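here you go, sequence then predicted model.
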Amino acid sequence: MSGILFYLFAFVAVLSAIGMIFGRNATYSVLLMVANFAMIGLMYLLLNAPFLAAVQILVYAGAILILFLFVVMLMGNDPGPLWEQIPFQRPLALIVAIVMIGGLAPVVAITNITAPKGPPLSDDPVVLAEALYSNFALPFEITSVILLIAIIGTVVLAKRDAYRTKREELMKTEDSI
């Protein structure tokens, strides 16, 4: 029965991820991401990893996605005129994604070859912390850099809207003079 539930949760997780990526409304995408993280947490429970399930639900679905939802609500769902100003943005994003995936393939292959052999990690937070900061320090640091880039991008996008509003106000006052 647990195998059927695992595949059901995995199927819903994949569907919610696809809906999140291809969704037109940013708010719905964040809510689909909540569903995705909840399904992953349930999969951790089925794999007898209750600590990881709790962290998945509390940290990711709870804290980080609330931050994402706050940013989406702050900025709004309108992509703005920037999408029309950069017509080559989507092909360039596709090329960058292909290059990044191609660059990650050797890293994954090397990691699978040189992964430390031994017993699986336990649910003890001390053991998990030691593994995270020793064996898996590089992926942990890469994740922190990606989150930093996301925060910087959010600030830039939020400032762009403020600049556009001030510029429009200045243009209106110049036209009235």
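Okay, I see it.

where in this protein is the helix or strand with the lowest mean pLDDT?
helix 82-85 (a mean of 54; mean pLDDT, DSSP states H and E).

so, low pLDDT: which residues of the chain?
75-86, 108, 111-123, 158, 160-177 (pLDDT under 70).

mind listing the helices for it?
Assigned by DSSP state H, the chain shows helices spanning 2-22, 26-46, 50-55, 65-75, 82-85, 89-114, 125-133, 137-176.

just name the most buried of those.
helix 26-46 (a mean of 19; mean count of other CB atoms under 10 Å). Every residue, glycine included, has its C-beta placed from N, CA and C.

give me the angle between it and helix 65-75.
Going by axes from the mean of the first three to the mean of the last three CA atoms, to 10 degrees, helix 26-46 is angled at 180 degrees with respect to helix 65-75.

name the surrounding residues that touch helix 26-46.
2, 5-6, 9-10, 12-13, 16-17, 19-21, 23, 50, 52-54, 56-57, 60-61, 65, 68-69, 72-73, 77 (CB atoms under 8 Å, 6 or more residues apart in numbering).
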